[in-house]
Every structure is written in structure tokens, then in C-alpha cells.
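S.K.: Model the following, please.
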Amino acid sequence: MAEDPEQVGQYRLIGRLGRGGMGQVYLGRSASGRLVAVKVVRAELDHDPGLRRRFVREVAAARRVTGFFTAAVVDADPEGDPAWLATAYVPGLPLSTAVAEYGAWSGRAVRALGAALAEALEGIHHVGLVHRDLKPSNVLLAADGPRVIDFGISLAADDTQLTQTGMLIGTPGFISPEQLVGDATTAASDIFALGAVLAWTATGSGPYGQGSAHAVNYRVAHEKPDLTALPDDLAGVVARCLDKEPTRRPTASQLVAELGHMTESADGDALTEVDWLPPAVTEAIDRQGAATPEPPEDRQPNAPTRRDRADRAKRTDRSRPWSLASRRGVLGVAGAVGLAILLSLLFLQLPDDSHGSDGPAKSALPGPRGPKVSQTWSFQPDKEVMTTPVHADGRIYAADGNGTLYAVKASTGAKLWKFRQTGNKVTAGPLVFDGVVYFAGDNHHLYALDARSGRTRWEAEYESSVSSLTIADGRVYDAIAVSDGAADYSVLHARNARTGHKLWTEERSVGNLVAAGGTLYYSLDDRVTALRGKDGSTRWEAKTDIASVDTLAVNGGLVHLGGDGRDSGEREFAVEARDSGTGKKIWSASFPQKRGTWAPPARPLVAGGLVHWSGHDRVHSFTVETGDEVWQRRIPGSVGVDESGVEGSLQPLGVEGGALHLQGRGGNLYALDTRTGACRWKCAPRRYGRVAAWETAPATLKDGVVYYGDRKLHASRL
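M.R.: Residues are numbered from 1 along each chain as shown. The predicted structure is shown next:
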């Protein structure tokens, strides 16, 4: 932008990284070509004596971290005009985003993360600092380890300058009990926050539930944390971190030793840089690194390009093992050098996502012609593809009309294995979790197959076919429909995902079935119920404002519900967001359905602070926290109705590159800008035989590639 400076200190500014409450953060380059993140205090704040003193304290706090943390601040001029700070630039992914978009982590990955963060805190506490706001959004995941960021409210253990009467600093759910009541904030407060972060990473939900800040803070101060979804060994560590008495919590050094030992003893060998993270997160971080802006064209003629450097780094770094238990090994540097970008993201926010509604639903006429679609590969199964392709760990899993499950290589379509069950179709799944594929057939069997080889890990037989299947937190849940002549009902089962051992059984009538954060959620008619995953007991039950709940999803501590509204006249869509821990309604909204037609809303997509609902030929986007409508769009001709009045509905495929991708009739794809709803493009990636005008083939989107099935299984790059 015109008002952006071209140079700060010795650093030439290449572009914007983000905007924060105190200033703008730029990507800069030193004379030697070194990339840095440069924070420049906003002009209107630069002359505020109080804020300038605060900025000086931030710089001083980071500079107090020595030894393995000395790379924290590359350069700074807190007294300059404007004041600025430069830190090493490291592309990465916030932990909050990683869990929200790719799901909760396995116990092994959480232990590895815990050892790294504990070592980062160890260095911080060693020089007498307290972070005071450790939370998922302040943990940045990079290829060489996690970073602790945002020292904007850190202070020395004996410093009270930032504390004012009645001021509460921190984030609900991660603030220690002593902070809530105004007692001394010490290093033990950071340990409490670390325990909450680990529990949140392992379950996708905080140990004190969700809801208003007051409600969460009350539970932190007076109630025990819910750790039922955690593995026993990890639950023990987290429980001690969350002890309400600060003196009983472990120190950072003790956690480094304990978690590092647990990680090594569980896996035998030292972890490597490429396998401690969930694979999907590793891929996302790689994409983030690949997206690092190339320095301007005045680069030295023979200097290596970004691709050269990235390829060389990949060949070098990924072959070097490192131990999380090593007291001052590579991870120590990585966790400590968490302060190397510590201040690059001080008060850093995502680009402004607040946009006013467009008013009445506007028609998003097909925009520019979509990207040229190039088919990457096609694979021929025995019969037509009947399930939506699932992408996991570089493989695609899909089942055909014979009930045969296939695994093919995502990059080439080469068949890896197939599994022929005795039934004729797949009734639920496939789902992939922790290297295992789960699916059910109409032969009344539930299968767990090794994702690499296709060999059976375990199987279970029921009296009828599994109609619904979900998995989370090391447990697989299924529902079967039973009729005893007098009544129809469902039977829920919970099993150990690794062994297939049955944990509990409940007779309940259920509709949708979703598991997350140690809880199993299901809907029936106008009600939604949450069961404890550990024993099947009821956690809460709520009557919704929706006449019939057709769609159920859980994301970021909220349960998103959609279905038929309760109006007395014309049909309407109704959507709700409820606290996943208590069932309390957070917000609700409704919008009319096209006269004379009805199709349940498709599953919502949550990204960038927005939840996108699609129904029939319309898309509505709301803020996740408050339910304020940001935009709405109608895409004419995107769906149709068959002879019996059954209609299709736009199917969401995913959010990539700032665009919401949807699939309509005839295989057409649409891309809407997530911020405004503007139609970026429309394209038809395939033509697949004679189908009804409203029909769509099962499809999924991953990294710009659409995987879809008809008579064959295909991959097409957009």
C-alpha cells in the first residue's frame, strides 16, 4: 500500500505479513538476503508515551532471554521514529489452526509437543520471565519444531507495571486460578496454561469446556478439568499441570525430562523432524514454507532461489534425527528459538475478516471461467465408485458398488491394495484414523484395516448393518438399527480403535453421529445429546429450535446444527451453534428455502472465523462466535430437482486459498471468496455419463486436486 514504508533500518520491506493491535508486521530482507519479520508501530500510537514504554518493555523482555534463546531479536530500535523490531522469519502454522482444520492429535504427538513447549518455558522462566498468555494461537508450528510466540503481556516475576486493579490478562480456559483471583502470577501459571494447551490439542476442546468467559473462568476456579478423553499417561501429566495449587504443579524442567522420556520410551527411537507432527499438519507446514515470498528481482544473479534453498533444506534437515528428550538438542534450539519469531507476531491478527452482509441473497452469477482442469489419473475399480473418496497420508480410499474397498496412491492412482468383504456394499465409512481404515458393510460387519497393507486388524459382527460410524480420541463409535417387532430403535457401540475391544453399549434412537473431544454427539428430531465417550453416560441433552436436525458437526468447541426450521408457513433452513461442553445455545439463525422444494443443509465448513452453510443453491456465512451474517450468495442453476421432487444441494468440498469450493449438479465446481462471497470462478472438472440434472458424483478436494468417483476413480488438478 502507498503508506507502507519501503525500508526500516537496514531492512528492505517486501510485503505485509499481517496487522496487529500495535502495528503492522512486514516481511523484510537484509542486505545479505536474510528474511526477517519486521514489526513497525503504528504512527498514531508511536507518540503515545504509555504504548512506547510498553513496546520498549516487549523488546527488553525478549532480549533478557539468553543462551539458546539469544536469536530471539535480530534487531530493534524501540526508540526510533517509528519504533520497530526485527525477528527471524519462520513460516509456520498456529497450533489453533492445525487442530481446528486437521483434528485432534494422537497421544504421541501431544507428548512430543509438550516436551518442546516445556523446554521453551524452561528458558523463559530461567531468566525470571512469565509468559502469562500461553494458548494454542500463541504456539507456532514450524518444520523444525514449535515456537512460543507473543510476549506482548509477559513480565518479570517481580514486575507489576502491567497489572492494574480489576484488569484480567489472559485467555479464558488457559488462565490459571491464581490469575483469576488476583494472586501472584508465577512460572506455575504458565505450567497451568501448558496443561490446558496439551489437553486442548489432544481433544480439540478445552478441559474446562466452552461458553462465555465468565462460565469458563468459574469452572477453572471451582471445578475439576475433564480429562476423560486423554490417554492415561498423558492425563496424569496434564492433571498435575492443572492442579489448582500452584506449588503442586511440576516445573518446566521436570516436564522436559518426563515428557521427553515418555516420548522416547513409547517409540524406542528418537523422533525425527518429519514424523512427530500429524501428517496432515506436516503437509500444511510444507505448503506454508513453499508459499514464502521470493525476494525481489534484485537478488544476486547466482544466488540460490527459494526453491533451491527449500530443496536443499529438505534434503539436509529431514535426514537428521533429533531427540525431544535431549536437554539442549536441536529441539531445545527450536523450542527456544521460539523466541526467534517471538515478537514477529506480537498482537498479530489475521487479515480483517469482518464484512457487512450484502443484504438479501445476491446471485453469484458464474464468474470468470475456472482454472483449466487437467486430469492427473484415473483408476478402474470392479464397479462404479459409491463412496466419497477419502484422502489420508498420501492415499485415497474409496469403495465400489460391490462393497470392495480400494487404496490407491494419491499422486499416481496406482493401486496399493483392495479388500473384498462378503457383503455387497459399504454402509458406513471409510474413515481413516491413526493408520487404520474403518468401514462397515451390509454383511453386518465392522472392519478395521491396516491403512498401508489392507490387512485386517480386527472386525466385529452385529445383528444388523452399521448405519453410522464416527471415530475420535482412540475410540470408534457405531450405530445399528434394530427392530424387535414392537419398536424400532438404535444400538450404540463404543470400541477401542486399536484393538476393537468393546467399551460400552447403549440402546438409544439416534440420527447423526459425531465424536470429538472425548464426547459422542447425536441428534434425533429436534434434540441433540452429548454422551461421555468413556462410558456412554449422558453429559447433556438439549431441545433445539430446529424442527428436524439433519446436519451435525463439531468444530472449535462448538456444535453446529442445521435442519428444517419451525416456521408455520414456508419451509426454511435453521442453523444453531451450541457450546460443545454444556449444550448451551450460543446463537441461531434461519433463512428461507426455495418455495416448493426441500433439501437438508449440507455439512458446514468452518475456516477463518466463519462458518459456511450451504443449502439448495444458496450459501450463507456467519461469524463463528456470534452468528452475525457476513454474506450470503445464491448460485443460479447450480442444483436441480428430479421428477419426484427430490432435489440436490450444493456440496461443500473445502476451503483452500481463501476460497470456499462447492460442487453442484453435473459435476460443476464453484469457488466463492470466503470474505465476500463473490464467485471467483465456475468450472466443470468432469463429465460422467448420463445422470439426473441434480445429481453429483462423490468428490473431495485436497491441495488443489479434486478426487471424484463415477465409473472410475479420478484425480483432476485445478
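S.K.: all contacts plus neighbour counts: C-alpha atoms, from now on.
M.R.: Noted.
S.K.: where do the helices sit along this protein?
M.R.: 43-46, 49-63, 95-102, 107-126, 177-180, 187-203, 213-222, 232-241, 252-267, 279-290, 306-317, 330-336 (DSSP state H).
S.K.: Extract the C-alpha trace of the fifth one and format it as PDB.
M.R.: As requested, the backbone C-alpha atoms of helix 177-180 are provided in PDB (Å, rounded to 0.1, in the frame of the first residue of the first chain):
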ATOM      1  CA  PRO A 177      -6.900 -20.000  39.000                       C
ATOM      2  CA  GLU A 178      -4.400 -17.700  40.800                       C
ATOM      3  CA  GLN A 179      -4.600 -15.200  37.900                       C
ATOM      4  CA  LEU A 180      -8.400 -15.200  38.200                       C
END
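S.K.: partners of residue 142 in the sheet?
M.R.: residue 145 (DSSP bridges).
S.K.: Hmm, residue 91 and it touching each other?
M.R.: Yes: counting by Cα atoms under 8 Å, residue 142 does reach residue 91; the two are 6.6 Å apart.
S.K.: what is in contact with those two at once?
M.R.: By Cα atoms under 8 Å, 6 or more residues apart in numbering, residue 142 and residue 91 have these common neighbours: residue 285.
S.K.: For residue 146, give its distance to residue 110.
M.R.: 12 Å (Cα to Cα, to the nearest Å).
S.K.: just residue 467 next, same as before
M.R.: Counting by Cα to Cα, the gap from residue 467 to residue 110 is 32 Å.
S.K.: can you list the weak-confidence ranges in the stretch 501-650 of the chain?
M.R.: 566-571, 592-600, 640-648 (pLDDT under 70).
S.K.: Check what pLDDT residue 187 gets.
M.R.: Listed pLDDT for residue 187 reads 91.
S.K.: For it, which non-adjacent residue is closest in space?
M.R.: Distance criterion Cα to Cα, 6 or more residues apart in numbering; nearest residue to residue 187, sequence neighbours excluded, is residue 130 at 5.5 Å.
S.K.: wouldn't the one you found be in contact with residue 193 here?
M.R.: No: with contacts defined as Cα under 8 Å, residue 130 does not count as touching residue 193, sitting 11.4 Å away.
S.K.: one step back: residue 467 and residue 110: who's more crowded?
M.R.: residue 110 (24 against 21; other Cα atoms under 10 Å).
S.K.: all strands for the stretch 551-700 of the chain, in order.
M.R.: Listed in chain order, the strands of the stretch 551-700 of the chain (DSSP state E, counting those that start in this stretch) span residues 558-564, 572-579, 585-592, 605-607, 610-615, 618-623, 629-634, 651-656, 659-663, 669-673, 679-683, 699-702.
S.K.: now for the fourth one, which elements pack on it?
M.R.: Right, the one you point to is strand 605-607. Judged by 3 or more Cα pairs under 8 Å, 6 or more residues apart in numbering; DSSP states H and E, strand 605-607 is in contact with strand 610-615, strand 651-656.
S.K.: Same question for the second one.
M.R.: Using 3+ Cα pairs under 8 Å, 6+ apart as the contact criterion, the elements in contact with strand 572-579 are strand 558-564, strand 585-592.
S.K.: Paired strands for the last one, with orientation please.
M.R.: In this case it means strand 585-592. Here strand 585-592 has these sheet partners by DSSP bridges: strand 572-579 (antiparallel).
S.K.: between the helices of the chain, which gets the lowest average pLDDT?
M.R.: Among the helices of the chain, helix 330-336 carries the lowest mean pLDDT, a mean of 33.
S.K.: Make sure residue 231 is actually in contact with residue 108.
M.R.: No: taking contacts as Cα under 8 Å, residue 231 lies outside contact range of residue 108: 9.7 Å.
S.K.: Looking at those two now, which is surrounded by more residues?
M.R.: More crowded of residue 231 and residue 108, by other Cα under 10 Å: residue 108, with 21 against 15.
S.K.: do you know how far that one is from residue 437?
M.R.: Residue 108 is 19 Å from residue 437, by Cα to Cα.
S.K.: ranges for the strands of the stretch 351-500 of the chain?
M.R.: 362-363, 374-379, 390-392, 395-399, 404-409, 415-420, 426-433, 436-441, 445-450, 456-461, 466-472, 475-483, 488-496.
S.K.: Any chance of TSV for those, columns mean pLDDT and distance to residue 544?
M.R.: Putting these into TSV (pLDDT from 0 to 100; distance: least, Cα to Cα, whole Å) gives the following:
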stretch	mean pLDDT	distance to residue 544
strand 362-363	46	29
strand 374-379	86	44
strand 390-392	91	31
strand 395-399	94	35
strand 404-409	94	37
strand 415-420	94	41
strand 426-433	90	27
strand 436-441	93	30
strand 445-450	94	32
strand 456-461	93	34
strand 466-472	89	22
strand 475-483	86	22
strand 488-496	86	21
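S.K.: and of those strands, who's closest to residue 95?
M.R.: Residue 95 lies closest to strand 466-472 among those, at 18.4 Å (Cα to Cα).
S.K.: Can I get the closest one in CSV? Just the C-alpha atoms.
M.R.: This file holds the C-alpha atoms of strand 466-472, laid out as CSV (Å, rounded to 0.1, in the frame of the first residue of the first chain):
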residue,chain,number,x,y,z
VAL,A,466,-24.0,-50.4,10.8
SER,A,467,-25.7,-47.2,9.6
SER,A,468,-23.5,-44.6,11.2
LEU,A,469,-19.8,-44.5,12.1
THR,A,470,-17.5,-42.0,13.7
ILE,A,471,-14.1,-42.0,15.4
ALA,A,472,-12.2,-39.7,17.7
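S.K.: What is that strand packed up against?
M.R.: For strand 466-472, the packing partners by 3+ Cα pairs under 8 Å, 6+ apart come out as strand 426-433, strand 436-441, strand 475-483, strand 513-516.
S.K.: redo that, cut-off 7 Å
M.R.: strand 426-433, strand 475-483, strand 513-516 (3 or more Cα pairs under 7 Å, 6 or more residues apart in numbering; DSSP states H and E).
S.K.: That one: partners in the sheet, and parallel or antiparallel?
M.R.: Strand 466-472 is paired, per DSSP bridges, with strand 475-483 (antiparallel).
S.K.: Run the chain-centre distance for the partner strand.
M.R.: Offset of strand 475-483 from its chain centre (Cα atoms, centre = their mean, to the nearest Å): 27 Å.
S.K.: Between strand 445-450 and it, find me the angle.
M.R.: Strand 475-483 and strand 445-450 are oriented at 160 degrees to each other (axes from the mean of the first three to the mean of the last three Cα atoms, to 10 degrees).
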